[in-house]
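Q: Everything below, folded, please.
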Amino acid sequence: MRSVTSRPVVGPFADRLLEGDLPALPTERRRAAVTFIIRRVDGLPSFTRFGVMVISSCFRLLLALPGGWPAARWLTSKPLPLLAEYPRIVRSLGYAYIWETWPATLPDGAPA
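A: Reported below is the predicted structural model:
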């Protein structure tokens, strides 16, 4: 049975997070990193994926609200159990992909 993709839920948050963390990262590289993150979330074991999807749905709902991104950024800076893990997962997957694929990338995301 084919599972539903996490793209509509994980994609927008991952894109905004990487855009904020790495402002000079070219758009096509950011899109490739977001696609990688989505593939990895889609490949998680079912129970883990369910938990990630529940938490990511909360962040996706927050992003849909006016002023949602500043609120989401505030939440990502707090050591809240489980909620703080989601941005860490997105960042670690995104950063790993970016620096493994383009090792000369500068700390702000600019190509070297």
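Q: hey, let's count contacts and neighbours off CA atoms from now on
A: Will do.
Q: which stretches of this protein aren't confidently modelled?
A: Low-confidence regions of the chain, defined by pLDDT under 70, span residues 1-2.
Q: switch the cut-off to 50
A: Low-confidence segments of the chain, defined by pLDDT under 50, span residues 1.
Q: Name the residue closest to the centre of it, please.
A: Central residue of the chain (Cα atoms, centre = their mean): Ala14, 2.6 Å from the mean position.
Q: Only the buried residues of the host helix or strand of it, if you could.
A: Assigning secondary structure by DSSP states H and E places Ala14 in helix 7-21. Within helix 7-21, the residues scored as buried using 16 or more other Cα atoms under 10 Å are 7, 9-19.
Q: residue ranges of the helices in the chain, please?
A: In chain order, the chain shows helices spanning 7-21, 27-42, 46-64, 68-76, 85-101, with DSSP state H as the criterion.
Q: Make JSON lines from the ones you listed and add distance to Ala112 to it.
A: As requested, the helices of the chain are exported to JSON lines (distance: least, Cα to Cα, whole Å):
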{"stretch": "helix 7-21", "distance to Ala112": "17"}
{"stretch": "helix 27-42", "distance to Ala112": "13"}
{"stretch": "helix 46-64", "distance to Ala112": "32"}
{"stretch": "helix 68-76", "distance to Ala112": "28"}
{"stretch": "helix 85-101", "distance to Ala112": "12"}
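Q: closest one to Asp108 among these?
A: Between Asp108 and the helices of the chain, the shortest separation by Cα to Cα is 7.4 Å, and it involves helix 7-21.
Q: Fine, thanks again, bye for now.
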